[in-house]
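Here you go, sequence then predicted model.
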Amino acid sequence: MSQLSSRQIWVTLLKRDLRIAARRRSDALNPLLFLLMVVTLFPLGIGPGPDILARIAPGIIWVAALLASLLGLERLFRDDFQDGTLEQLCLLPQPLAFTVTAKMAVHWLLSGLPLVILSPVLALLLSLPLQGWWALALTLLLGTPALSALGAIGAALTLQVQRGSSLVSLILIPLFIPLLIFATAAVENASMGLAVHGQLAILAAISVLTVTLAPLAVAAGIRMSVN
Amino acid sequence: MTQVASTNSPLLHAEQLSSIRGGRVLFENLNFSVSAGQLWQVSGPNGAGKSSLLRILTGLLAPSNGLVSFYGKPLSHNWSEYCEQLLFIGHKAAVKGELSARENFHWQQQLSSTEDIDAWELLEKLGLLGLEDELTARLSAGQQRRVALTRLWATQASLWILDEPFTALDVQGIALLQQRFVEHIQNGGTIIFTSHQSLTLSDLTPEKLSLEYQGEIL
Amino acid sequence: MWRWLHPYAKPEATYHLLQKLLPWFVALTLVTLVTGVIWGLAFAPGDYQQGDSYRIIFLHVPSAIFSMGAYMGMAIMGAIALIWQIKTAEWSIPAIAPVGAALTVVALLTGAIWGKPMWGTWWVWDARLTSELILLFLYVGVMALYFAFDDARTGAKAAAILSLVGVINLPIIHFSVEWWNTLHQGATITKFERPSIATSMLIPLLICLAGFAFLTVSLVMMRLKNEILRHELHRPWAQQRLEQD
Amino acid sequence: MAFDSFTDFVAMGGYGLYVWLSFFLSFVVLAGVALETLLAKRQLAKKSKQLQQRQERLARRKASRAEVGDGNESKT
């Protein structure tokens, strides 16, 4: 019998969580439907004028995406925490900061990636001009990994707290602000036909920084919660 | 069975171990050594700190005072080797309700790289045949426990730390588990388990560690 | 290893140190703050552009600076608590957070009140004010997290991790808000960024800065003393202490 | 002195409301924190007394049961 490589463990954890998620499709689907409905509310509340809608579309879509990403977060580690799987994750020979990235990746695949895929529909609903479409998709692609990473921190820290979902929002929303600012600015610029490389680069940098550092905080949070 | 080259230091050594939880002293100044090949039974009434002691030994819980060492070194110093040697089943059994018994076992095999073990044979042995595709959440408590205990057959770990492994099991289950204990000890493995009832294990006499309930409130 | 050797002596020693230092800091706070405020209100010359309304600067700038400073301090304590597991560092987080939050509130209030005569409205999405508002949210998050746990040690650990995450994000937030501000309303007069300040105004401002620094430290010390007592309440020395005072 | 009279000082060149309001509110907030800290200390003293009484009760019960070898720290 041989020892497993870290990569194999990572892939195994990813596959197992995807399998479990497949048994509970509504968990992944509900935030997306929520996003779609929130976005639908704005034309109804503001009026269907394409000028105003296109003007506020980046902000609406991103704010709605931030809120939607908060919805499923509480369950990210909670089930594993309650049935003891999280303890076993701590007791794997691989560092916890490494293994939790598998869970973060699952979260992104189930909440971040669908947002990117859904973005053309959202852009269409809010009459975002053509140039805005791809910029929106790109900002979502670059920004959502950071959302998953920050979200994992919030979820790990509030594991021991009963009914922690409102607390998670409280903790995370201030940390989401830079993403919101740069992403909406990029989409706005793109809609006006301006260059967006700068904003996208900053967005990518924030994502890279968050995704590399967040696992440390997540691991510390899980260790603390399992204690 | 992989074994760390034995040195003079015992497998596990607890030194001056104290645990204070929620302002209450569970135990204080606990000293003991566990050598490879031993079977240890930790007993004591409810609230005496059995589970806390086991979790401290696994390194999941930090002791309020004292030190646990593994072959003479503190746990955190060779954490990854320790984890390779360790199998822990807590009272939360880490069985996924959304997965079937077979799937649970399959992922366990994947994570412990013991794919050469025949799943069907083991499921039959544990009386789970016919239930293997049922979601574990729908099984009875005893059956779920059996699913959790499949891990004892799919592991390369030599040190087993088991929290109340016999609860919810029927007579047959207990016999199976005892038989597995004997096998593991005879192969040179080590087992530390808790049980609030005293248990007669055929062929084996466990070392006993009794925890008293201490009402001391800080 | 030493923390195993002196598990009991350490918080007590810290308490006695704080006890000894606190009167000095309170005295320094009173002297500098009273001097600075009276100087700023009565003796510093009026601003040729903003008239006497600028005198709010003597509260606004120091509170804004030390609201950030307190967050840094909290994060440093959080790092110490997580790395060396020093209890006193853990307890200093609930000691610092409310003080920092209060300073942030002061910065926001004075900024808003200052904004009324300058911009004709109580609230403007100015970069500094927005940053302070987000800082207040960060403080609220840390405090809410700390108080959400039944076990104070776990709460302190969670708050420590969050304050570290926050302190890494703080520069990013600050930078993004500044950038956002120039993007959306570059035309607004920036009242806070004065290219040069006359010496006659700078001296009282510096005294006020020192005053707020001493005030922050004094308040934190007072609260930390309480936190130490709270966690050592079952020990005889803490009980004696509380009976004497 | 930047002002000619006390009325001038209070008026703050027409900005009196804003200047004094901001100083007053800042004082209220900061003094509030200090006051809360002092009150918390009083509460702690109260709690400490309760705790001492409980410890004494416990010690008396233990003594009456004549238990030995307790090994805990001495009570005051």
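Sure thing, it's come through. Keep in mind it's a predicted model, so treat the numbers as computed, not measured.

Contact partners for residue 182?
Defaulting to chain A. Shown in contact with A:Phe182 (C-beta atoms under 8 Å, 6 or more residues apart in numbering or on different chains): A:139, A:199, A:202-203, A:206, C:176. (Glycine included, C-beta is placed from N, CA and C.)

try again with chain C
C:Ala127.

ok, and it, which helix or strand is that part of?
Using DSSP states H and E, C:Thr182 sits in helix C:152-185.

what distance separates that helix from the centre of its chain?
Computed by C-alpha atoms, centre = their mean, to the nearest Å, the chain-centroid distance of helix C:152-185 equals 15 Å.

coming back round to it: can I get the contacts of A:Phe182 in a markdown table including neighbour count, distance to chain B and secondary structure?
Converted to a markdown table, the contacts of A:Phe182 look like this (neighbours: other C-beta atoms under 10 Å in any protein chain shown; distance: C-beta to the nearest C-beta, whole Å; DSSP: H, G, I helix; E, B strand; the rest coil):
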| residue | neighbour count | distance to chain B | secondary structure |
| --- | --- | --- | --- |
| A:Thr139 | 30 | 34 | helix |
| A:Gln199 | 26 | 40 | helix |
| A:Ile202 | 22 | 37 | helix |
| A:Leu203 | 25 | 35 | helix |
| A:Ile206 | 21 | 32 | helix |
| C:Ser176 | 23 | 38 | helix |
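
And for residue 42, the neighbour number?
Picked chain A for this. 21 (other C-beta atoms under 10 Å in any protein chain shown).

actually chain D
Using other C-beta under 10 Å: D:Arg42 sits among 11 other residues.

helix, strand or coil for it?
Under DSSP: H, G, I helix; E, B strand; the rest coil, D:Arg42 falls in the helix class.

Quick check: phi and psi at B:Lys73.
phi -120, psi 140 (degrees, to the nearest 10).

so it bridges to which residues?
B:Lys73 has the following beta-bridge partners by DSSP bridges: B:Phe70.

In contact with the residue of chain A found nearest chain B, which residues?
Chain A approaches chain B most closely through A:Gly84 (3.0 Å), counting by C-beta to the nearest C-beta. With contacts defined as C-beta under 8 Å, 6+ apart, the neighbours of A:Gly84 are B:90-95.

For the closest residue to it other than its chain neighbours, what are phi and psi?
Counting by C-beta to C-beta, 6 or more residues apart in numbering or on different chains, A:Gly84 lies nearest to B:Lys92, which is 3.0 Å off, once chain neighbours are set aside. In terms of degrees, to the nearest 10, the main-chain angles of B:Lys92 are phi -90, psi 120.

Can you name the residues in contact with the helix or strand encompassing A:Pro31?
Assigned by DSSP H and E, A:Pro31 belongs to helix A:25-46. With C-beta under 8 Å, 6+ apart as the test, helix A:25-46 has contacts from A:21, A:52-53, A:56, A:60-61, A:64-65, A:67-69, A:71-72, A:75, A:110-111, A:114-115, A:118, A:121-122, A:125-126.

Quick one: mean pLDDT over that helix.
Averaging pLDDT along helix A:25-46 gives 89.

where does the chain dip in pLDDT?
Unless you meant another one, I'm taking chain A. Chain A contains residues with pLDDT under 70 at A:1-4.

oops, I was thinking of chain B
B:1-8, B:23, B:196-203, B:213-218.

With adjacent residues omitted, what lies nearest to the residue nearest the centre of it?
For chain B, the residue whose C-alpha lies nearest the mean C-alpha position (C-alpha atoms, centre = their mean) is B:Leu162; its distance is 1.9 Å. The spatial neighbour of B:Leu162 that comes closest, neighbours along the chain excluded (C-beta to C-beta, 6+ apart), is B:Phe193 at 4.1 Å.

could you measure that neighbour against B:Ser69, distance?
Using C-beta to C-beta, to the nearest Å, B:Phe193 is found at 21 Å from B:Ser69.

likewise C:Gly78?
29 Å.

Comparing these two, which residue is more hemmed in?
C:Gly78 (27 against 18).

Confirm for me that that one is in contact with C:Ala160.
Yes. Contact status for C:Gly78 versus C:Ala160: in contact at 3.3 Å, counting by C-beta atoms under 8 Å.

what residues do these two have in common as contacts?
Contacts common to C:Gly78 and C:Ala160, judged by C-beta under 8 Å, 6+ apart, are C:Ile93.

List buried residues within the contacts of helix A:25-46.
A:21, A:53, A:60-61, A:64-65, A:67-69, A:71-72, A:110-111, A:114-115, A:118, A:122, A:125-126 (16 or more other C-beta atoms under 10 Å in any protein chain shown).

Touching the worst-scoring helix or strand of chain D on mean pLDDT from outside, list them.
Least confident helix or strand of chain D, by mean pLDDT, DSSP states H and E, is helix D:6-11 with a mean of 81. By C-beta under 8 Å, 6+ apart, the surrounding residues in contact with helix D:6-11 are C:41-42, D:3, D:16, D:20.

one more time with 6 Å, if that's ok
D:3, D:16 (C-beta atoms under 6 Å, 6 or more residues apart in numbering or on different chains).

In it, which residues are buried?
So for helix D:6-11, counting by 16+ other C-beta under 10 Å, buried means D:9, D:11.

One more: stretch B:53-68?
Quick answer for stretch B:53-68 (16+ other C-beta under 10 Å): B:53-61, B:63-66, B:68.

Run a quick neighbour tally on the residue nearest to A:Gly84.
17.

Next: B:Asn46.
7.

Now the phi/psi pair for it, please.
In terms of degrees, to the nearest 10, the main-chain angles of B:Asn46 are phi -60, psi 140.

what does B:Glu207 give?
Dihedral angles (degrees, to the nearest 10) for B:Glu207: phi -70, psi 140.

Just give the closest residue to it, not the sequence neighbours.
Using C-beta to C-beta, 6+ apart, the closest residue to B:Glu207 is B:Trp40 (4.8 Å).

Is C:Ser200 in contact with C:Pro45, as I believe?
Yes. Counting by C-beta atoms under 6 Å, C:Pro45 is a contact partner of C:Ser200 at 5.4 Å.

which phi and psi does D:Asp4 have?
The phi/psi pair for D:Asp4 (degrees, to the nearest 10) is phi -80, psi -40.

how much space between it and A:Phe81?
Distance from D:Asp4 to A:Phe81, by C-beta to C-beta: 70 Å.
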